[in-house]
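**Q** task: produce atomic coordinates for the following.
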Amino acid sequence: MNVPNFLLAFNPGQELILNSSKMTLNPHPIGELVLTSGNLIVCDPLYLYKMPPFSVQFSPGRYPVILSLGWEDGEKFPTVVCAMLCLKEENPVRWEIAVEPSQDPDSPEETLIYRYGVDSGTSSFMDEDAFQAMDDSFEGETTLGDLLIDELEKEENFQRWANMLVDEATDANVVAFSSGFGDSYYDCYFGYDKEGNIVRVVTDFLFSN
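**A** Numbers count the residues shown, from 1 in each chain. Predicted structure coming up:
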């Protein structure tokens, strides 16, 4: 499988051609993701299907999240091209598509890829603990999903992203962002350093097209 170098998507001024349109890409940091258990989930935060975490467990901690924003001429707001979770300072030397446990990244079967559905036009990074807090809140009158929608609709965020605390006891949060042009199924990618450690996680909406 031909996987692009996603670092290019975060180079200021990088150009991306989609059909007959041209986007100019720029990186935009949106805060840190708090991994409390180390079990990372990438999913639609407003439609909580039972998406499993990655089979790889990461070290608990705080990790920067950066968006690649694409600007088209004449457009008032940018488009989120992809989102990157930075687990270490080292840059990756290779990229691979993320797969589910015991699966081969070179398999031609697309159903084996760690792919998630989006139905609200929104994607996110979150720890499994945050996912559970979001899911548990559906039993109340006002859900964490309702509060997240309020955050996403704030004008200063271009209606494109939010970083919301969901558990004050653990600092677990959800870092949410628009998913490219909207609803679809999206893939994730791991960036590895020269020692074979995962140093980046990217969810891609438009860059690899």
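
**Q** which strands or helices does the helix or strand containing Phe177 pack on?
**A** Using DSSP states H and E, Phe177 falls within strand 172-178. When contacts are defined as 3 or more CB pairs under 8 Å, 6 or more residues apart in numbering; DSSP states H and E, strand 172-178 sits against strand 21-35, strand 79-86, strand 122-127, helix 128-136, helix 144-152, strand 161-167. The way it works is simple: take the backbone N, C-alpha and C, and place the C-beta from them, glycine included.

**Q** which of these sits closest to Ile97?
**A** strand 79-86 (13.2 Å; CB to CB).

**Q** quick revisit: which of the helices and strands packed on strand 172-178 sits closest to Pro4?
**A** So among these, strand 79-86 is nearest, using CB to CB, at 9.9 Å.

**Q** tell me the residue furthest from the middle of the protein?
**A** For the chain, the largest distance from the centre (CA atoms, centre = their mean) belongs to Glu141, which lies 27.9 Å off.

**Q** over to it. Which of the three states is it?
**A** coil (DSSP: H, G, I helix; E, B strand; the rest coil).

**Q** buried residues of stretch 138-151, list them for me.
**A** Thr143, Leu144, Gly145, Leu147, Leu148, Ile149 (16 or more other CB atoms under 10 Å).

**Q** can I get the residues you listed in a markdown table with distance to Arg62 and pLDDT?
**A** Listed next are the buried residues of stretch 138-151 as a markdown table, based on distance: CB to CB, whole Å; pLDDT from 0 to 100:
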| residue | distance to Arg62 | pLDDT |
| --- | --- | --- |
| Thr143 | 25 | 90 |
| Leu144 | 20 | 93 |
| Gly145 | 23 | 92 |
| Leu147 | 21 | 92 |
| Leu148 | 19 | 93 |
| Ile149 | 25 | 91 |
